[in-house]
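**Q** Pasted the sequence and its predicted model underneath.
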Amino acid sequence: MPRRALPGVPASLEGGASADAPVTLSDPAEVVSNLPHLPGVYRMLNAVGEALYVGKALDLKKRVASYFQKGSLAPRIQVMLSQVAPVELRVKDPAVCAAHTFKSCYVGNENGYGCPWQVFPGRLMKNTYCGMCGECLRTCPYDNVTVNLRPFGADLQHPTGRRLDEAFKAFILLGSVLAYSAVMLGPWGALKSAAYAVGTAAWLGYALTFLILIFGLLPGLFWIAVRAGRVFARSNTPTRQTFIAFAYALIPLGLAAWIAFSLAFVFANLSYLWPALSDPFGWGWNLFGTTSMAWTPYLTRVVPALQTLALLGGLMWASATAHQIAGEQSPSVGHASGLSQSLPVILFCLLVTLALLGLLVG
């Protein structure tokens, strides 16, 4: 069924219209006055014509007018109206998603299950809540879901949508690698015994210490670093908001720490792969002549250097991310103030890196 143009309605607000002719809302009242009291689909576009949000309304005029009422708007609405940076979309045409009432990509159909993460692809803005299972690709009846290539770690560049629960995931990522490194690679036999003695008093003490490290010690020290940065930079941004934002700088360091931790086991156990390749089912095969190969650790002298490079790379990435976040928190201040706000966070990352170097490299 062809789309019917609405008289006097800008293309960016017309249901199902393309996004190549965005309208500038210099006079919202004029735009709202031309909208009908009819059901329809509307789209919010950024400065480059990309969709920020797609919505449906039983009364277009009332719904769009609500975005421009005087008074306090919800933060997500303020972000949506003011955002000018391009936003990555995982659907080809958001209007198709908005018009499809059954939402088979979300609830599933005969071709596959619904999204196990309970995420609607039409509103997906970052990968935090997407498990990349591909069920939406199978269940979309309009072939409207696509896979886009993007820069690695692109979600760290998004200043919007940061949350406290995501911030604590960064502490879990970092705290768990510290605990695992201490247990599996550290020199403390009593700690290793306590970690493996599940259900005993020693294990309960270890578990309690683990939880205190992740949810108490690390966040507490990090809060002190964030607070010090606010004082140095004389920032007026609330401490909670600053704490959440800067916690995202720990993600690169945590990822690098897990890479460094894994290197200690990958090269040590890689030689187990060759017998398995020759006899994958244990049926007495010797496909490649490697069944009788003995275990031999590889690159034992090189692994510490690789671990050091991984940790230093993570520290540099975390420092750059912290400096970028400092600029987002206080865009009107100069380079020196931004550096002074991010410096305590960078120092925190440096201390964690030194602790990991001591555990992993010695």
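**A** Received the coordinates, thanks. For clarity, every value in this text was computed on a predicted model and none was experimentally measured.

**Q** C-alpha only now, for contacts and for neighbours.
**A** Fine.

**Q** worst-scoring helix or strand of this structure, pLDDT-wise?
**A** helix 75-82 (a mean of 37; mean pLDDT, DSSP states H and E).

**Q** Could you point out the helix or strand that follows that one?
**A** Downstream of helix 75-82, the next assigned helix or strand under DSSP states H and E is helix 94-99.

**Q** next SSE after that next one?
**A** Following helix 94-99 in sequence order, the next helix or strand is helix 104-107 (DSSP H and E).

**Q** For that following helix, name the packing helices and strands.
**A** Using 3 or more C-alpha pairs under 8 Å, 6 or more residues apart in numbering; DSSP states H and E, the elements in contact with helix 104-107 are helix 135-139.

**Q** Output the helix it packs on as CSV, nothing but the C-alphas.
**A** What follows is helix 135-139, C-alpha atoms only, in CSV (Å, rounded to 0.1, in the frame of the first residue of the first chain):
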residue,chain,number,x,y,z
GLU,A,135,17.9,-14.5,16.5
CYS,A,136,16.6,-11.1,15.2
LEU,A,137,18.3,-11.8,11.9
ARG,A,138,16.4,-15.0,11.5
THR,A,139,13.0,-13.8,12.7
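
**Q** Tell me which residues are up against that helix.
**A** For helix 135-139, contacts defined as C-alpha atoms under 8 Å, 6 or more residues apart in numbering pick out 104-106, 108-115, 121, 143, 145-146.

**Q** I would like a PyMOL command selecting only the buried ones among those residues, please.
**A** Here is the PyMOL command that selects only those of those that count as buried (16 or more other C-alpha atoms under 10 Å):
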select buried, resi 104+105+106+108+109+112+113+114+115+121+145
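
**Q** Find the pair from the contacts of helix 135-139 with maximum spatial separation.
**A** Spatial extent of these (C-alpha to C-alpha) is set by the pair Glu110 and Thr146 at 19.7 Å.

**Q** mind listing the strands for the stretch 101-250 of the chain?
**A** Taking DSSP state E, counting those that start in this stretch, the strands of the stretch 101-250 of the chain run over residues 108-109, 112-113.

**Q** can you redo those as a markdown table with distance to Leu299?
**A** Shown next, in a markdown table, are the strands of the stretch 101-250 of the chain (distance: least, C-alpha to C-alpha, whole Å):
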| stretch | distance to Leu299 |
| --- | --- |
| strand 108-109 | 48 |
| strand 112-113 | 44 |
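
**Q** so can I have a markdown table of those showing mean pLDDT and distance to Ser193?
**A** Output for the strands of the stretch 101-250 of the chain, formatted as a markdown table (pLDDT from 0 to 100; distance: least, C-alpha to C-alpha, whole Å):
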| stretch | mean pLDDT | distance to Ser193 |
| --- | --- | --- |
| strand 108-109 | 84 | 47 |
| strand 112-113 | 82 | 43 |
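
**Q** now Leu178, nearest residue through space, not along the chain?
**A** Leaving out its chain neighbours, the residue that sits closest to Leu178 by C-alpha to C-alpha, 6 or more residues apart in numbering is Leu356, at 6.8 Å.

**Q** Likewise for Leu204?
**A** Once flanking residues are discounted, Leu204 sits nearest to Val198: 7.8 Å by C-alpha to C-alpha, 6+ apart.
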